[in-house]
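Asks: pasted the sequence and its predicted model underneath.
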Amino acid sequence: MEKYEVFRSLAIIIIAAKFFGLCARKLKAPQVAGEIVAGLLVGPSVLGLVGYSDFLGYMAEIGVMLLMFTAGLETRISDLRKTGLKALSIACAGVFIPLVCGTLLYMCFYGFAPFGDEEFYKALFVGLILTATSVSITVQTLKELGKLSEFVGTTIVSAAIIDDVIGIFVLTIVIGIKDPSQDIGNTFLMTGLFFLASVVFGYVFYRVFKVIDNRWPHTRRIPIIGLALCFVMSYCAQKYFGVADITGAYVAGVILSSLKDSNYISRKMDINSYMIFGPVFFASIGLQTDIKSVDMSILLFSICFVVVGMLSKILGCGGVSFLCGFRGKDTLKIGCGMMTRGEVALIVAQRALSVGALSGAYFTSVILLIITSSILTPIVLKILYAEKA
């Protein structure tokens, strides 16, 4: 690709992503769904205006880092403490049940494979995609209903946050195990060392940032240094511990989440993400989605993938919430509040593609799940919260 062709590609992606993102919002669907559709339309599968290149891949990688860094910044340790073991138990079920169900679903379609086989890892990555929970749509719905600060609402939000933390941890483990140069024991050891180092150095970084934040509050140098920390943590995670770089970015966000200016940092990150890196990342999903290879088998798989994806969250999270003391509609509220999928599911799918565990055709299944769950969740929650006459 010629250097100047990059500018043409970026212009097409940004305009198309924003246009279809706004269309999606008008239809009460998440904007990311529209941005993915934009990439699908301008990409090789339909119009062929833009082709996926190494440069766009690097841009998309930065977009992933910013998304995970922002997710870490929005993690509130105080909210996690409020709900404690109940949220943790629900989150564990929200990871384990979909992981098992997704893995079994793939094996039912394409055959059962022994541990270590290539097909086994493909099945495992399909299960991993189902573990992620997108809390943004649920939060917006609970805000509109005035139920976000209630115990059930707080439990849903906390469980979704913990769910993503566990999901990212499991993703790191699976990627490490799939790498033939590493053994399972070494993977667990290095992952444990990374999180131990994150706690030690994270506390040091937090104290340094707190001094900077108190001395120069609300200044642009704070998000700039914070972004540098994000990239350093991502690099160290991948380079020295063999841990997924997105995990490092997320941990960097969590380290800074307790600062007074954490929301200010998050807003500054959103500017970059909203204007260019976010649209490029989500459009790149569409660019890599190969709809020409979608046949009836994958279409049927996609439908089952959506059904299993939503039911596994409802049954897993709702069932454990019942064991934790929630009763009646509250168990359904928690189960349905946890069934939305979004950015993290896409990130896991993109990682599966990058390590050769899945083909682009399966992005169709992921996109369909995100759109369906994002539309159904607000409707179901509003019905469950409706007061009796």
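Replies: All right, it came through fine.

Asks: what's the neighbour count on C92?
Replies: Neighbourhood size, C92 [other C-beta atoms under 10 Å]: 17. In short, each C-beta sits where N, CA and C put it, glycine included.

Asks: please disregard the earlier target; I meant S297.
Replies: The burial count for S297: 11, using other C-beta under 10 Å.

Asks: now N272
Replies: For N272, the number of neighbouring residues by other C-beta under 10 Å comes to 16.

Asks: for it, give me its contacts.
Replies: L66 (C-beta atoms under 8 Å, 6 or more residues apart in numbering).

Asks: dump the helix or strand hosting it to PDB, keeping only the CA atoms.
Replies: N272 belongs to helix 262-272 when assigned by DSSP states H and E. Extracted in PDB, the C-alpha atoms of helix 262-272 (Å, rounded to 0.1, in the frame of the first residue of the first chain):
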ATOM      1  CA  SER A 262      -9.500   9.400  37.000                       C
ATOM      2  CA  ASN A 263     -12.600  10.600  35.300                       C
ATOM      3  CA  TYR A 264     -10.600  13.400  33.700                       C
ATOM      4  CA  ILE A 265      -8.100  10.900  32.400                       C
ATOM      5  CA  SER A 266     -10.900   8.700  31.100                       C
ATOM      6  CA  ARG A 267     -12.500  11.700  29.200                       C
ATOM      7  CA  LYS A 268      -9.200  12.500  27.500                       C
ATOM      8  CA  MET A 269      -8.700   8.900  26.500                       C
ATOM      9  CA  ASP A 270     -12.300   8.900  25.100                       C
ATOM     10  CA  ILE A 271     -11.400  11.800  22.800                       C
ATOM     11  CA  ASN A 272      -8.700   9.800  21.000                       C
END
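
Asks: show me what counts as buried in it.
Replies: Burial within helix 262-272, assessed by neighbour count using 16 or more other C-beta atoms under 10 Å, is assigned to 262, 264-266, 268-269, 272.

Asks: give me the mean pLDDT for that helix.
Replies: For helix 262-272, mean pLDDT rounds to 84.

Asks: disregarding flanking residues, what is the spatial nearest neighbour of the residue positioned nearest the centre of the chain?
Replies: Of all residues in the chain, the one closest to the mean position by C-alpha atoms, centre = their mean is V344, 0.9 Å from it. Residue nearest to V344 in three dimensions, not counting chain neighbours: A132, with 3.7 Å by C-beta to C-beta, 6 or more residues apart in numbering.

Asks: isn't the one you found right up against A345?
Replies: Yes. A132 lies in contact with A345 (C-beta atoms under 8 Å); the separation is 4.2 Å.
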